[in-house]
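Asker: Give me a model of this one.
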Amino acid sequence: MRFAKGSFVLSVERDVPLLRQARNSKFVSHGQLFEYMKIGGFDHSRNSFNWRVKRLVDSGALIVCPKVLGVNSAVYQITRAGIAALEYHGEFSTVFHSGTDHLPHTSQAFHALELNAIQLALARSNLLAGWQSEIEVASYNVLSRLPYSKDYDAIVDVWLGENTVRFALEYERTPKGQREYQAIREALETESQVGCILYLTPNTEMIVRLARQFDSLRGKLAFADARTFTTELLDTRVLTAQGQPAVFRSLLQ
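Answerer: Sure, this is the predicted structure:
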């Protein structure tokens with residue numbers, strides 16, 4: 001089929017999954033996006049992928065974020081035009097759509113890139129059974145009669161033997177104020193939809209800070225270093241809210 005010169009047509013099989021991932025991740029590096037497409041079975045050729053991304057950037061569906069430094073890779077963000085294109089193909093998000101007042105600020109980029117790294121590490125090890133991004137969780141919470149008590153950074157399903165288990169994931173990159181932590185604590189104490197909550201941090205100092213904020217909180221709440229988790233995954237040694245060390249896998253059983 002011939003298209004008019006200058007027209008732009010999305011491939012449902014390849015462009016739509018790519019844009020959907022860019023939307024759900026908020027920010028994603030070139031390498032991460034290629035790995036997502038490979039794992040999903042949407043694109044296995046680096047040359048084809050590079051051409052596709054360039055085409056989406058040139059069309060205005062994606063932008064390169066020039067202020068995200070030190071990543072050694074281009075970092076992409078979906079645009080309103082890209083979101084509108086997804087919506088045209090039936091990919092709508094209640095909380096993040098083409099009419100949303102503000103798109104994510106680049107200050108959130110490193111938070112998003114770290115979450116991508118965690119998701120991809122689980123997928124590489126064939127442990128990942130499902131991943132709902134913050135955008136998907138927030139949309140679910142708006143629509144569900146039984147919402148989660150918080151818009152978690154992700155709801156994760158992992159394989160544990162032949163069964164799948166679910167936990168909520170939070171990545172705490174920078175500290176919050178005391179009032180915010182008190183509100184979060186109250187929310188976590190009422191959580192009934194998920195049995196285990198894992199807080200990952202960029203360093204030990206943040207682990208100690210969080211452990212103090214959520215000291216003795218009821219339920220299965222654990223803290224660990226994010227870089228360690230991407231290597232050791234379910235066998236990561238964590239600190240529980242009760243101040244006890246444990247292997248994360250044991251909290252999922």
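Asker: So, low pLDDT: which residues of this protein?
Answerer: For the chain, the stretches flagged by pLDDT under 70 are 1-8.
Asker: tell me the domain boundaries of it?
Answerer: What automatic domain parsing lists as the domains of the chain is 8-109, 125-253.
Asker: does residue 156 belong to a helix or a strand, and which?
Answerer: Using DSSP states H and E, residue 156 falls within strand 154-160.
Asker: Name the residues of that strand that are buried.
Answerer: Residues of strand 154-160 classed as buried: 154, 155, 156, 157, 158 (neighbour count, 16 or more other CB atoms under 10 Å). (Each C-beta comes from the backbone N, C-alpha and C, glycine too.)
Asker: ok, back up a step: any chance of the domains of the chain in a markdown table with distance to residue 119 as columns?
Answerer: A markdown table is the format used below for those (distance: least, CB to CB, whole Å):
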| stretch | distance to residue 119 |
| --- | --- |
| domain 8-109 | 8 |
| domain 125-253 | 5 |
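Asker: mind checking which of the ones you listed is nearest residue 117?
Answerer: The closest of those to residue 117 is domain 125-253. By CB to CB, the value is 5.7 Å.
Asker: In a strand, residue 168, correct?
Answerer: Yes - judged by DSSP: H, G, I helix; E, B strand; the rest coil, residue 168 forms part of a strand.
Asker: so how far is residue 188 from residue 149?
Answerer: Distance of residue 149 to residue 188, computed by CB to CB, to the nearest Å: 7 Å.
Asker: can you check residue 175 too?
Answerer: 17 Å.
Asker: the more surrounded of the two?
Answerer: residue 188 (20 against 14; other CB atoms under 10 Å).
Asker: Confirm for me that that one is in contact with residue 150.
Answerer: Yes - between residue 188 and residue 150 there is a contact under CB atoms under 8 Å: 6.9 Å.
Asker: which residue packs closest to residue 37, ignoring adjacent ones?
Answerer: Closest residue to residue 37 apart from its sequence neighbours, by CB to CB, 6 or more residues apart in numbering: residue 43 at 4.2 Å.
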